[in-house]
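[1] show me how the following folds:
(2 chains)
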Amino acid sequence: MAEQLAGQKFKVSRRGFLKGCTLAATALGLSESMVPRLVEAAASPQRPPVVWLHFQECTGCTEALLRASHPDIGRLILDIISLDYHETVMAAAGHQAEKSLQDTIDRYNGKFICVVEGAIPTRDGGIYCKIGGRTAMDILAEVGPRAAAVISIGTCSSFGGIQAARPNPTGAVGVSELLSGPPIINIPGCPPNPISFLGTVLHYFTFKRLPRTDQMGRPLFAYGRKIHDHCERRAHFDEGRFVEQFGDDAHRRGYCLYKVGCRGPGTFSNCPAARFNDVDVWPVSVGHGCIGCTEPDFWDTMGPFYERLPGVSIPGSGGGIISDAETAGKTILGVTAAAIGIHAAFGIGKKLVGRKKDEE
Amino acid sequence: MAQRIVVDPITRIEGHLRIDVEADNGRITRAWSSGQMWRGIEVILQGRDPRDAWLFTQRICGVCTTVHALASVRAVENALGLEIPMNAHYIRNLVQALHALHDHIVHFYILSALDWVDVVSALKADIGKTVRLADSLAEWPGNSFNRFREVQAKVQAIVDSGQLGPFANGYWGHPAMILPPEANLMAVSHYLEALDYQRKADQALAIISGKNPHIQNLSVGGVTAAINPDNEATLNTERLYWVKQLAEEVRGFIHNVYLPDVIAIGALYKDWLQYGAGVTNYLAVPDMILDTRGTKFDLPGGIIMNGDVRGARAFTSTDDPFFRDNVAECIARSWYSGDWTRHPYEEETVPDYTDFQDNGKYSWIKAPRFQGEPMQVGPLAQVMVGYGLGHKLTTRYVDDALSRVSTLAGARVDASVLHSTPGRHLARAIRAAMLSDLAIKHWQLLMDNIDRGDLAIYNKPTFPAGEQQGFGFHEAPRGTLSHWIVIRDGKIRNYQCVVPSTWNAGPRDSADKDGPYEASLVDNPIADPERPLEVLRTVHSFDPCIACAVHMLNPGGEEVSRVKVV
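    As a prediction, this is how the structure comes out:
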């Protein structure tokens, strides 16, 4: 009997795993026929080696993975990938930890995945973040170019994040501004939904290439549409039903949060579709607007967070409600895209490898 | 002969920490704790809207997510003299409790258990004996023959694959690892189950806070989670009962797995009860607020000096001047310009990196002091203060845990053994058990309030012209946290965070007094200098969080000194 129960338990978790792969396939916009390939890739006997570098960060992105369910963290690190270096979870410390890193990049040169969490400080030769006596810049310069691909998890490694907010005291930047060579994909968010990271990983292991991205290096399956497009409160926006103050009657009726600061009309992310923590919630569910955390420089461009986002036509101001909102979204995107274009152009040629230490 | 051992990086913590020790004849004689990262979040806050500060400060740390958010809104509310509705307090209290349950489970199993548990040894365990061992400690459905066999097979598969992943280069087979294979197998099984239960605590937290890490349901003036039992898009009865169900499941894990495991490890490693006391001045702040004025609490706070537990003195309100006026920070040994000790409202900080100097500056972390003394903070401090003040819930759990340790160890132990490395783990498990009870209690208080027709969640803040000062404290999973704000004409003029890991991981001060990590390492044994497992045990017992500990800079920070790195 006990044996049977145990067998069932295994089947349930196996089913959960298949469900996870199906969900991931859906998230990636794949047909159901792709599920077996995802399963095969995710359960391959030779687990792909992953090196996870932490720089100027808060570990929130790693913590987000602890909350993931499909696959969950245990399955991810024991069955799917081989997490060979990760300061937060690894058993080794000190020079044994550094040995794990060196072993992996030597043994799997050009074959491992490098995940970066956190920004890289460049001011004063990079002294504001040191690990094992070396600066984050030096470590990225050694490890990054030898990776098959680099995944920047979170807004910090994607775009610099909070430490890069005005006046950016440590000269913090994202990975793509320093590194060239291996393909780099950005999974911004503060922290990002773990599904956006895991979907990217499964896609890469299945198809041996990174998913399609927008001009900011973000995968389209997770960052292809504005928050505003899939928000369940969009109808209230279109009909002009707004919360004026937290706790008012409109707030208790679940109306639109635009007037109390929501950044949904200017933010590209899957939050309303993917939701968080497997309990069907996202910030708007608890009456708080989006703060735009998947966008570059959002700490400076999206605040103050409790004032109305400028440049969005309020319904009823003429020209047709739906088209107004669309235009507004495009206008905001246009501005951000232009800013990013400059950002990226600046990054080209500014290679980290071979940079002089005192250069800023 | 004296030997220098440098552990850099210390892993299985948040952030970048380096620990140096000198050892002589197998004993640590001197230690240095050095934070290795600095971001300057407080200078970034200058000139911004005080209502936004909590969103920024929460990003100080994603492990201690929620805690800097709570302290920040409280600091602004304190500066404005703004009271918030009871529902907002209850929801914030649930945030505190549910996050702490996640955090304590993760700390013990994922971040520190591997210091005591030899994963590879679990392969030698007899499954039947493992079941009997587990059954003797607690009743738990996961402690089954098939479960343990499945876990052992999983460990075997990983070892056979040659890809040990995060378990590579661990201190397996280290002479200080003394648990029998069966205890190791049980612990590995619980490690894997802990991954599920920490997630349940997060799910309960997410229902009331939108997501986590980094919740998004707070506001200066209350919370934004609208309550309406007659609406599908707000916190309604169905949502709130989901929170309760998850909290009860997590409570079961804590009472039947986590607490018994820590008691067993404390008893089996009883020789370690003599190591790691270090600084026995303790500081904790009261929390789980029960009235709008902030004078009644479900968790007590106060100070203990020189290990005099019965002489504990309480903090009595969220505005207590005894707390407010006695906190200061010293930078004599930190990489900032100067050697002063100042109150948080008065601090100015200019980074001044010198590389590691044994007798000079050696850390990005400052040295906080209370009445000029280093203080140990964290669950141990809170449990000690509660015990000293005769707090009923604390006393019941402490006495029960000590009696179970005594039975298993075969020798009577009293509360004095808590001043130790395993004592910090035991206090954390006791605190988790208390908070699992209080989560259910505060859920009920919220429901009772809703039943009375009170749906208020928010009082709008207004910012007068001129200058206001305020502080907010919070008893975070890693201990006493306080935020200090100066507002001028509705904008942030100065912002300082005095953080648990700053209290614990801070360096020496101008009087050359060791910080708590440093003091706790002295006299620890070192069996194998090449594999300094003992250092990890003691440092991990504090639950270090270095992103939290190092975050500061003031306006002068733009004139950073230029340093050449060789």
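[2] need the pLDDT of B:H102.
    Confidence at B:H102, expressed as pLDDT, is 96.
[3] just A:A41 next, same as before
    50.
[4] same check on A:R15?
    48.
[5] same check on B:G26?
    87.
[6] so who does it touch?
    B:P525, B:I526, B:A527 (Cβ atoms under 8 Å, 6 or more residues apart in numbering or on different chains). In this view, the C-beta of every residue, glycine as well, is placed from N, C-alpha and C.
[7] gap between the first one and B:A247?
    B:P525 sits at a distance of 40 Å from B:A247 (criterion: Cβ to Cβ, to the nearest Å).
[8] and residue 189, how many neighbours?
    Chain wasn't specified; assuming chain A. Using other Cβ atoms under 10 Å in any protein chain shown, A:G189 is surrounded by 28 other residues.
[9] actually it's chain B I care about, not the one you picked
    Neighbours around B:S189, by other Cβ under 10 Å: 25.
[10] what strand or helix carries it?
    Element membership of B:S189 [criterion: DSSP states H and E] is helix B:181-209.
[11] the residue in chain B that chain A sits nearest to in helix, strand or coil?
    Chain A sits closest to B:G62 of chain B, with a gap of 2.2 Å, by Cβ to the nearest Cβ. The three-state assignment at B:G62 reads coil, by DSSP: H, G, I helix; E, B strand; the rest coil.
[12] with adjacent residues omitted, what lies nearest to it?
    Using Cβ to Cβ, 6 or more residues apart in numbering or on different chains and skipping residues adjacent in sequence, the residue nearest B:G62 is A:G60, 2.2 Å away.
[13] let me know whether that neighbour touches A:P194 as I believe.
    No: contact criterion Cβ atoms under 8 Å: A:G60 and A:P194 do not qualify, at 11.1 Å.
[14] and B:Y517, what does it touch?
    Here B:Y517 is in contact with B:I19, B:A31, B:S33, B:G278, B:N504, B:A505, B:T538, B:V539, B:F542, B:P544 (Cβ under 8 Å, 6+ apart).
[15] which residues of the stretch 201-350 of chain A lie near chain B?
    A:232-233, A:245-247, A:251-254, A:276-279, A:281-288, A:291, A:299, A:303-307 (Cβ under 8 Å from any Cβ of the partner chain).
[16] is A:V89 in contact with B:I110, as I believe?
    Yes: taking Cβ under 8 Å as the definition, A:V89 is a contact partner of B:I110 at 6.2 Å.
[17] for the residue nearest to B:G62, give me the pLDDT.
    93.
[18] kindly report the same for A:R355.
    For A:R355, the pLDDT comes out at 37.
[19] can you pull the poorly scored residue ranges out of chain A?
    Within chain A, the segments meeting pLDDT under 70 span A:1-45, A:316-360.
[20] how's it carved up into domains?
    As assigned by automatic domain parsing, chain A contains the domains A:2-221, A:227-343.
[21] looking at those domains, which is buried most?
    domain A:2-221 (a mean of 21; mean count of other Cβ atoms under 10 Å in any protein chain shown).
[22] run the chain-centre distance for that one.
    10 Å (Cα atoms, centre = their mean, to the nearest Å).
[23] do stretch B:163-179 as well
    The chain centroid and the centroid of stretch B:163-179 are separated by 25 Å under Cα atoms, centre = their mean.
[24] against which helices or strands is the longest helix along chain B packed?
    Using DSSP state H, we find that the single longest helix of chain B is helix B:421-451. Helices and strands touching helix B:421-451, by 3 or more Cβ pairs under 8 Å, 6 or more residues apart in numbering or on different chains; DSSP states H and E, are helix B:86-106, helix B:237-253, helix B:259-268, strand B:297-299, helix B:379-388, helix B:392-409, helix B:533-541.
[25] residue boundaries of the strands in the stretch 1-150 of chain A?
    Using DSSP state E, counting those that start in this stretch, the strands of the stretch 1-150 of chain A run over A:49-54, A:82-86, A:113-117, A:120-121, A:130-131, A:134-135, A:149-153.
[26] B:T354 is nearest to which of those?
    Closest of the strands of the stretch 1-150 of chain A to B:T354 is strand A:130-131, at 13.2 Å (criterion: Cβ to Cβ).
[27] which residue packs closest to B:L268, ignoring adjacent ones?
    The shortest distance from B:L268 to any non-neighbouring residue, by Cβ to Cβ, 6+ apart, is to B:L179 (6.0 Å).
[28] test my guess that the one you found contacts B:V188.
    No: if you go by Cβ under 8 Å, B:L179 and B:V188 don't touch, sitting 10.8 Å apart.
[29] so where do the strands sit in the stretch 451-566 of chain B?
    Going by DSSP E, counting those that start in this stretch, the stretch 451-566 of chain B shows strands at B:467-476, B:479-488, B:491-498.
[30] contacting residues for B:G388?
    B:G388 is in contact with B:G302, B:I304, B:V309, B:R310, B:G311, B:A312, counting by Cβ under 8 Å, 6+ apart.
[31] hmm, I typed the wrong one, I wanted B:T395.
    Applying Cβ under 8 Å, 6+ apart, we find B:T395 in contact with B:G386, B:Y387.
[32] need the contact list for the residue nearest to B:L268.
    By Cβ under 8 Å, 6+ apart, the residues touching B:L179 are B:W116, B:V117, B:D118, B:S121, B:A187, B:I265, B:L268.
[33] can you give me the helices for the stretch 101-250 of chain A?
    Along the stretch 101-250 of chain A, counting by DSSP state H, counting those that start in this stretch, helices occupy A:136-143, A:154-159, A:194-207, A:220-223, A:227-230, A:234-238, A:249-252.
[34] the second one vs chain B: in contact?
    So the one you mean is helix A:154-159. No: for helix A:154-159, no contact with chain B is found by Cβ under 8 Å from any Cβ; the gap never falls below 8.8 Å.
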